[in-house]
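1. fold the following.
(chains A, B, C and D)
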2 protein chains.
Amino acid sequence: MDKSNAQILEEEFLKSYDITKFDRPSVTVDILLLSIIDEETNNYRKLPEKNLELLLIKRLDHPYKNKWALPGGFVKIYESLETTAYRELLEETNVSGIYLEQLYTYGNLKRDPRGRIISTAYMSLVDSQKLTVKPGTDSVATKWFKVDINLINTEKEVSDSGIIEFKDYELILTHNDIILKAVIRNVKKITGNKVETSKEILLNNDIAFDHADIIQYGIARLRNKVEYSSIAFNLMPSTFTLSELQKVYEAILDKDLLKANFRRKVSKMVTETSKSTGSNIGHKPAKLFTFNSNWE
Amino acid sequence: MDKSNAQILEEEFLKSYDITKFDRPSVTVDILLLSIIDEETNNYRKLPEKNLELLLIKRLDHPYKNKWALPGGFVKIYESLETTAYRELLEETNVSGIYLEQLYTYGNLKRDPRGRIISTAYMSLVDSQKLTVKPGTDSVATKWFKVDINLINTEKEVSDSGIIEFKDYELILTHNDIILKAVIRNVKKITGNKVETSKEILLNNDIAFDHADIIQYGIARLRNKVEYSSIAFNLMPSTFTLSELQKVYEAILDKDLLKANFRRKVSKMVTETSKSTGSNIGHKPAKLFTFNSNWE
DNA sequence: ATAATAGTGTCTGTAAGACACTATAGT
DNA sequence: ACTATAGTGTCTTACAGACACTATTAT
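-> Numbers count the residues shown, from 1 in each chain, chains lettered A, B, ... in the order given. The predicted structure follows:
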């Protein structure tokens, strides 16, 4: 009886509560869609190099007209954030059920000139073989860009009040002749016991909004996660050779790995199949593996 | 000339663009404010036990009237997410400049009965000695709860389509006689190469909204981060003994650590001072240390 | 034979975990 | 003497990194 009374009171409260009367921001979702794409090779016996690539859309309208942006859009009132992300992904790639992970929510006041817009960034990974919109054959406005991020400068300032460290990363996105560049500064401020980090875009000509920041953050997360999780398998087809897997790791980490060590590292995450790669490849065939879903 | 033309076009576009005409969600910030609080002890020569505690507010209004909730509030149109978080922290604790880290953004449709409300959760860590509102002397509606999270059940279902794993965590929050309990199920679905995770609240009587979920997520993040970062020092005063530091690690991780191993692990993160703990403590005095801001 | 990939064995150094031991203050 | 904390030394195991070596296929 008491409880049902409380329920009635709550219902009455909610009936008279009009949330729309408060001034509030808009919310969007931006998606860092990543894939591994093979480089062309003319040597039949050489394995193709693999690159980490990212989907960008050329903006046809203001603001940031003609600049390149992450796919994304407004969160509808009847959609969860994930639903919005999956809807955008389906619109851009025609694939569903792919890997999706929330990255970070960007809420600075001036990040969008249209007004107060908060954006939750997601990272999505897809095996390029599943893409119906193949790289190269896509529309004018949607292109896959090879991603390069390099640490180009570090500075350290020591003072009485603490330490300030800068790490400047150069982000280079390439699609044929189109080259987009940005420099993102990561700031680490140490005062007493407290470590504070912040970011700043030092240079950016062609990447819309704060998307250069999102890209750098997402790639850093991927590089970190690939070292201890099975996240890279989201970029692989259902069967693959260990060399292919290694090239994916190398594309993500942007460094060469030693074969023997790599194989030891992934050994528990993969299962050997009875099949091997076909013939006419000019070298020893390799065993095909699948992801070991019993890992961990 | 061309550029200024484009600028004029952009300005015109923005002038006619009214973002408020779209239906949109509201945004709040919720804060997981954590501190380490000493247990009372009657033995003068024993060091006090330390507990990880969390600030909750008893809701005086609907919805979830009389339930306990994380401090938080609506993001004002002129505030960044961080600004909102710091404002809320200042209101609750009267301390500024403390550690703050974004956790996750919760955007499910039904998470708040008042309407469509998206919430970005932050985790904040504070040295309890800095708190002006001391635990115990606080207002009726604001209390510090000891946090316990235990894995109480795991299940694994293997089928043709993949593997589903459940991990059920029991969350217990205690403040004197007040005991709040919830059970949060973490689901891991493995299909092919893809690993998908989701969460579900199985049982929850006294914790408002989806805050039990946020608490479990934040504590998991803290437990993870304490192993490889200097995050725990945000909970320490400017000088401390290694035993005190160890007790903080033990409170966070909820397990005992071996002294020699612990000291090796933190050795590079601390700097020895010339001072030691005072006298009349019934045992050998300990050296005082500070955080080594040159670490990493 | 040569070019290319496939696959394995072993050494070294570092770090984590377990455990045993010594030292010191106050009653 | 006893209680409690402070502080160090060493053994084992596991794992990451470097490197050397063998095997197989197509031209």
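
2. residues contacting A:Ser119?
-> Taking C-beta atoms under 8 Å, 6 or more residues apart in numbering or on different chains as the contact definition, A:Ser119 lies against A:27-30, A:72, A:105-107, A:111-112, A:209. Using the backbone N, CA and C atoms, a C-beta is placed for each residue, glycine as well.

3. strands along the stretch 151-296 of chain A, start to end?
-> In order along the chain, the stretch 151-296 of chain A carries the following strands (DSSP state E, counting those that start in this stretch): A:162-175, A:178-191, A:194-204, A:270-276, A:287-291.

4. confirm for me that A:Leu288 is in contact with A:Thr239.
-> Yes - taking contacts as C-beta atoms under 8 Å, A:Leu288 lies within contact range of A:Thr239: 4.3 Å.

5. what touches both of these two?
-> Both A:Leu288 and A:Thr239 are contacted by A:273, A:275, under the criterion C-beta under 8 Å, 6+ apart.

6. the more surrounded of these two?
-> Per other C-beta atoms under 10 Å in any protein chain shown, whichever of A:Leu288 and A:Thr239 has more neighbours is A:Leu288, with 19 against 15.

7. against DNA strand D, how distant is the more buried one?
-> When distances are taken as C-beta to the nearest atom of the strand, to the nearest Å, A:Leu288 and DNA strand D turn out to be 14 Å apart.

8. domains of chain A?
-> Per the record, chain A has its domains at A:26-152+A:169-181+A:204-225, A:231-291, by automatic domain parsing.

9. deepest in the core, which of those is it.
-> Ranked by average neighbour count under the criterion mean count of other C-beta atoms under 10 Å in any protein chain shown, those are headed by domain A:26-152+A:169-181+A:204-225 at a mean of 18.

10. which residues sit against stretch A:191-201?
-> Stretch A:191-201 is contacted from outside by A:161-162, A:182-190, A:210, A:212-213, A:216-217, B:97-99, B:127, B:230, B:233-234, B:236, B:238, B:291, B:293, using C-beta under 8 Å, 6+ apart.

11. mind listing what's buried in it?
-> For stretch A:191-201, the neighbour count (16 or more other C-beta atoms under 10 Å in any protein chain shown) marks A:192-195, A:199, A:201 as buried.

12. mean confidence (pLDDT) on that stretch, please.
-> The predicted model assigns stretch A:191-201 a mean pLDDT of 95.

13. possible to save the buried residues of stretch A:191-201 as TSV with distance to DNA strand C?
-> Conversion of these to TSV gives the following (distance: C-beta to the nearest atom of the strand, whole Å):
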residue	distance to DNA strand C
A:Gly192	24
A:Asn193	21
A:Lys194	23
A:Val195	19
A:Lys199	28
A:Ile201	34
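
14. which of those sits closest to A:His62?
-> For those, the closest approach to A:His62 (C-beta to C-beta) belongs to A:Ile201, at 19.8 Å.

15. quick one, what contacts A:Tyr86?
-> When the contact criterion is C-beta under 8 Å, 6+ apart, the partners of A:Tyr86 are A:96, A:100.

16. over to A:Ile31?
-> A:Ile31 sits next to A:70-72, A:85, A:88-89, A:92, A:121-124 when contact means C-beta under 8 Å, 6+ apart.

17. for the stretch 101-250 of chain A, which residue gets nearest to DNA strand C?
-> Of all residues in the stretch 101-250 of chain A, A:Ser243 sits closest to DNA strand C, with a separation of 2.7 Å (C-beta to the nearest atom of the strand).

18. let me see the contact set for that residue.
-> By C-beta under 8 Å, 6+ apart, A:Ser243 lies in contact with A:47, A:259, A:286.

19. could you measure from the first one over to A:Ala121?
-> In this structure, A:Leu47 and A:Ala121 are 33 Å apart, going by C-beta to C-beta, to the nearest Å.

20. ok, now which ones touch A:Leu202?
-> A:168, A:183-185.

21. which parts of chain A sit against DNA strand C?
-> Contact residues (C-beta under 7 Å from any atom of the strand) of chain A with DNA strand C: A:43, A:45-47, A:241-243, A:259-261, A:263, A:276-277, A:282-287.

22. so what's the residue count around A:Lys15?
-> Around A:Lys15 there are 8 residues (other C-beta under 10 Å).

23. so it, which of the three states?
-> When states are read from DSSP: H, G, I helix; E, B strand; the rest coil, the local structure at A:Lys15 comes out as helix.

24. for the closest residue to A:Ser35 other than its chain neighbours, give its distance to chain B.
-> Nearest non-adjacent residue to A:Ser35, counting by C-beta to C-beta, 6 or more residues apart in numbering or on different chains: A:Ser128, 4.5 Å away. A:Ser128 is 13 Å from chain B, where distance means C-beta to the nearest C-beta, to the nearest Å.

25. find me the pLDDT at A:Ser128, would you?
-> You'll see A:Ser128 listed with a pLDDT of 90.

26. about what we covered before: can you tell which of the strands of the stretch 151-296 of chain A is closest to A:Asn66?
-> Distances from A:Asn66 to each of these were compared using C-beta to C-beta; the minimum, 11.6 Å, belongs to strand A:178-191.

27. how far does that closest one sit from its chain's centre?
-> On the basis of C-alpha atoms, centre = their mean, to the nearest Å, the separation between the geometric centre of strand A:178-191 and that of its chain is 17 Å.

28. now do the contacts for A:Tyr64.
-> With contacts defined as C-beta under 8 Å, 6+ apart, A:Tyr64 is in contact with A:208-209.

29. check which helix or strand covers it.
-> Assigned by DSSP states H and E, A:Tyr64 belongs to no helix or strand.

30. can you name every helix or strand that whichever helix or strand A:Lys146 is part of contacts?
-> When secondary structure is defined by DSSP H and E, A:Lys146 falls within strand A:142-159. Packing contacts for strand A:142-159, counted by 3 or more C-beta pairs under 8 Å, 6 or more residues apart in numbering or on different chains; DSSP states H and E, involve strand A:26-38, strand A:50-58, strand A:162-175, strand A:178-191, helix A:211-225.
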